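Asker: Okay, sequence plus prediction incoming.
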Amino acid sequence: MSTLSKRAVKVHEKLLEAFGNPTWRNPLPPIDELVSTILSQNTNDTNRDRAFNALRLKCPTWESVRDAKTKEVVNAIRSAGLANQKGPRIQKVLKEITEERGNLDLSFLKDLPLEDARTWLMKFNGVGPKTAAIVLCFSLGRPAFPVDTHIYRVTGRIGLRPEAMTVEQAHPHLEALFPPETYYAAHLNLIRLGREVCHARKPDCPKCPIKRLCNYEPKTK
């Protein structure tokens with residue numbers, strides 16, 4: 001294990017001490033998670049969930065979402081923002097999956113080699129490495145490490161990735177640093193750290209549980 005990997009594990013362990021072993025919501029079926037994650041782009045969890053629930057109320061099945069008038073889908077997901085982009089995008093993904101697979105069951109991804117499953121998801125417009133990793137990790141229990149805005153910022157400050165590294169490059173980089181069995185908890189706890197302590201504009205360094213492992217400020221005793 002490299003020095004940086006050992007440091008990543010120490011970060012994970014310190015966050016477990018501070019925040020505990022996190023549990024996200026009950027796992028969604030992969031097609032639900034895929035749509036939910038597309039809705040989450042450039043908005044918060046509350047708006048994502050509001051839009052998701054409104055869409056399911058309007059169209060109870062994903063087949064009905066796929067076949068609905070685009071205006072109906074757009075209106076249902078207004079609360080998620082960028083509805084004019086997300087609505088057609090969701091319908092296009094659902095249509096393309098149906099054309100290829102004959103249905104909207106994505107459980108087959110659990111049996112594909114990990115990189116094949118990731119590549120399959122990312123071929124759809126609007127499905128980037130974060131969206132693919134979320135579906136793989138949270139719905140299918142695959143060892144993928146999603147990198148969102150908080151994780152990207154925090155790992156840069158901590159010094160777990162090069163400053164110039166892109167978000168896309170950070171996915172394989174962080175997957176190589178953290179052991180696969182830590183992905184779930186490390187992902188959620190790093191997000192919590194970013195939301196509650198390591199804020200974008202003014203990080204609350206004195207309250208940070210990993211300040212002694214961080215490159216952002218001088219270490220204090």
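Answerer: Cool, the structure landed.
Asker: what does stretch 24-32 contact?
Answerer: Applying C-beta atoms under 8 Å, 6 or more residues apart in numbering, the external contacts of stretch 24-32 come out as 33, 36, 62, 94, 97, 104-107, 109, 135, 138-140, 184, 188. Yep, even glycine has a C-beta here, placed from its N, CA and C like the rest.
Asker: and with 10 Å instead?
Answerer: Stretch 24-32 is contacted from outside by 33-37, 45, 49, 52, 56, 62, 65, 93-94, 97, 103-110, 117, 121, 134-141, 184, 187-188, 191, using C-beta atoms under 10 Å, 6 or more residues apart in numbering.
Asker: and the helix or strand containing Lys95, what other elements does it pack with?
Answerer: Lys95 belongs to helix 83-101 when elements are defined using DSSP states H and E. Helix 83-101 is packed against helix 30-40, helix 45-58, helix 62-67, helix 70-76, helix 114-122, with contacts defined by 3 or more C-beta pairs under 10 Å, 6 or more residues apart in numbering; DSSP states H and E.
Asker: thinking again about what came up before, would you mind checking the contacts of stretch 24-32 for buried ones?
Answerer: Buried members of the contacts of stretch 24-32, counted by 16 or more other C-beta atoms under 10 Å: 33-37, 49, 52, 56, 62, 65, 93-94, 97, 104, 106, 109, 117, 121, 134-140, 184, 187-188, 191.
Asker: what's the distance between Thr43 and Gly81?
Answerer: Distance of Thr43 to Gly81, given as C-beta to C-beta, to the nearest Å: 5 Å.
Asker: Please apply the same query to Gly159.
Answerer: Gly159 is 33 Å from Gly81, where distance means C-beta to C-beta.
Asker: same check, this time on Lys123
Answerer: In this view, Lys123 and Gly81 are 25 Å apart by C-beta to C-beta.
Asker: if you count what's nearby, which of these two comes out ahead?
Answerer: Taking other C-beta atoms under 10 Å, Lys123 and Gly81 do not tie; Gly81 has more neighbours (17 against 10).
Asker: Contact partners for the more buried one?
Answerer: The contact partners of Gly81, taken as C-beta under 10 Å, 6+ apart, are 39, 41-44, 47-48, 51.
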